[in-house]
Structures are given as structure tokens and as C-alpha cells.
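Undergrad: here is a sequence together with a model predicted from it:
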Amino acid sequence: MATSYPYDLILFDLDGTLIETAPEIADAVNDTLTGLGHPTVSQQAVNDWIGHGTRELLIQALAQVLKTSTQQVREAEAFPAIEAEFGQHYQRRCGTRSHLYPHVRETLQALRTAGVKLVVMTNKEGRYTQTVLDAHDLAPMFDRVISGDTLPVKKPNPAGITDCLKQFGLSSDRALFVGDSSIDVATARNAGIAVWALPYGYNMGEPIEACNPDRVIPDFSALTTSLPARDTAASA
């Protein structure tokens, strides 16, 4: 593939990159905790736990309110039932308080028109990933969706990126990862591809600049309007 665009493949994180999902994730977590008779957790805490998948986020929340270790929560006999209860709450909450970040839909459409392959690569479990994408009518935009349970490993392991490069017959210099966290930056680095980061997502309370992405872009419009000269030259 040889598009006029500097990249033939762009992979995107989901939560905090394409869609602001934290408010409804917090709602589902607190629905679950309240149902168990536990205190709720703050929105900021949920924001800071996002990145390793919804299951890990629930574990973190339970560990905090129970004042115990995450390992004890994982090993608890009751945890599978609690996780299933959370799943019901989250499925119901999906789309109720989430929204696309500015310029996401029109930018994805412009990239598709340019012939760029588009992939979602998230650590969120597949059943929730699909629900969120469907809630915002975003699934048709993507050539592939890789969730946290699609492959035996998840981010920051680069297997998803490597698999996409093989699937689409591309070299690493023709791929870009767009995310909002240190996990996304590490994933791209581990795969040897370029990485751009957005400053408005969920990076566990740390500034995204500290992760040293190749670029920090203000919003999605930069993917079509602010291409760096060195990238354009490299594609010639």
C-alpha cells in the first residue's frame, strides 16, 4: 500500500483517546460497590486506574474500599460473581455518559478516505469494547479491533501491532500509534513504531509529556492538519 498519507496504518487506544469513558466506568464501579454495601470511589481514582483493562480497575476499586491487597481481591472466592455483576452494570451504563473527543469522527473518516488502515487496540475486554464502539456508532470505522482478551497478551506487549503489520503487509515505519498513556507509548516503542499522544486522557495522574512520545498533539485534527515535515519527507 502506498497512500499519499505518511502512514498506512494507525492504531488507536480507546478510553481517553477516542472516547471519554471514565464517567460511566465510575458509575458502573460505584453501582457494583453500592450493591455490595461498600462506599463508593471517586471519579479521579477511576481515571487513574484506567489503562490495564476493566477487570484490573474493578480489582483496584475493591482493594481500596476493602483496605486489602489487589492479590487478595483476585484470589477471593466471591470475585467472579462481583465481576459478573459489574459487567451487567457496565453494559447498561455504556453510552450514557461517554462521548467522542473533538474531531474524532471526521478525522477517522478522512483517514479512511485516504486509504489508511485503522485499528483500535485497547486493554478493555472485548465484550465492553464492542459495546462502547457500538454505542457511538464507531465500529464501522475500523479495519480491526484488538481488545485486552483478543490475544494471549495485551499492551504494553507489542504483539497486536506486530500482528497488524503482518496482516496488512506493512513495515514498521509506515505505522503510527495514537494514545493517551505511558502504556500506549511503551507499546509503540516495543513494536518500533512512531507514537503520538493526546494530553486529555487517562495517564494514571502523570503528564503525558513525561512518557516522551514522538509528538503530543492537542486533538485529533492534528492527524490530518499538522503533519510534521520530517514525516512527510520520509514518506516521499
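TA: Perfect, I can see it now.
Undergrad: what sits against the residue lying closest to residue 171 once chain neighbours are set aside?
TA: Once flanking residues are discounted, residue 171 sits nearest to residue 165: 7.2 Å by CB to CB, 6 or more residues apart in numbering. (Glycine included, C-beta is placed from N, CA and C.) Applying CB atoms under 8 Å, 6 or more residues apart in numbering to residue 165 gives the contacts 9, 171-172, 175, 191.
Undergrad: show me the residues you listed that map onto strands.
TA: 9, 175 (DSSP state E).
Undergrad: picking up where we left off before, got phi/psi on the residue nearest to residue 171?
TA: Phi and psi for residue 165, reported as degrees, to the nearest 10, are phi -60, psi -40.
Undergrad: and the gap between it and residue 222?
TA: 23 Å (CB to CB, to the nearest Å).
Undergrad: swap in residue 50?
TA: From residue 50 over to residue 222 (counting by CB to CB), the distance is 23 Å.
Undergrad: more crowded one of the two?
TA: Comparing residue 50 with residue 222 by other CB atoms under 10 Å, the one with more neighbours is residue 50, at 26 against 18.
Undergrad: I figured the more buried one hits residue 26, correct?
TA: No: if you go by CB atoms under 8 Å, residue 50 and residue 26 don't touch, sitting 9.8 Å apart.
Undergrad: which stretches of the protein form strands?
TA: Counting by DSSP E, the strands of the chain are 9-12, 19-20, 99-100, 117-121, 144-146, 175-179, 194-197, 215-216.
Undergrad: most packed of the ones you listed?
TA: strand 175-179 (a mean of 27; mean count of other CB atoms under 10 Å).
Undergrad: could you list the low-pLDDT ranges of this protein?
TA: 1-4, 226-236 (pLDDT under 70).
Undergrad: and the chain, what are its domains?
TA: 9-20+99-235, 22-93 (automatic domain parsing).
Undergrad: just how off-centre is the first one within its chain?
TA: When distances are taken as CA atoms, centre = their mean, to the nearest Å, domain 9-20+99-235 is centred 8 Å away from the chain's centroid.
Undergrad: distance to residue 86 for the strands of the chain - can I get that in a markdown table?
TA: Formatted as a markdown table, the strands of the chain follow (distance: least, CB to CB, whole Å):
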| stretch | distance to residue 86 |
| --- | --- |
| strand 9-12 | 25 |
| strand 19-20 | 19 |
| strand 99-100 | 22 |
| strand 117-121 | 22 |
| strand 144-146 | 21 |
| strand 175-179 | 24 |
| strand 194-197 | 29 |
| strand 215-216 | 33 |
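Undergrad: which among those strands is found nearest to residue 135?
TA: Minimum separation from residue 135 across the strands of the chain (CB to CB) falls at strand 19-20, 8.7 Å.
Undergrad: what is that closest one packed up against?
TA: If you count contacts as 3 or more CB pairs under 8 Å, 6 or more residues apart in numbering; DSSP states H and E, strand 19-20 packs onto strand 99-100.
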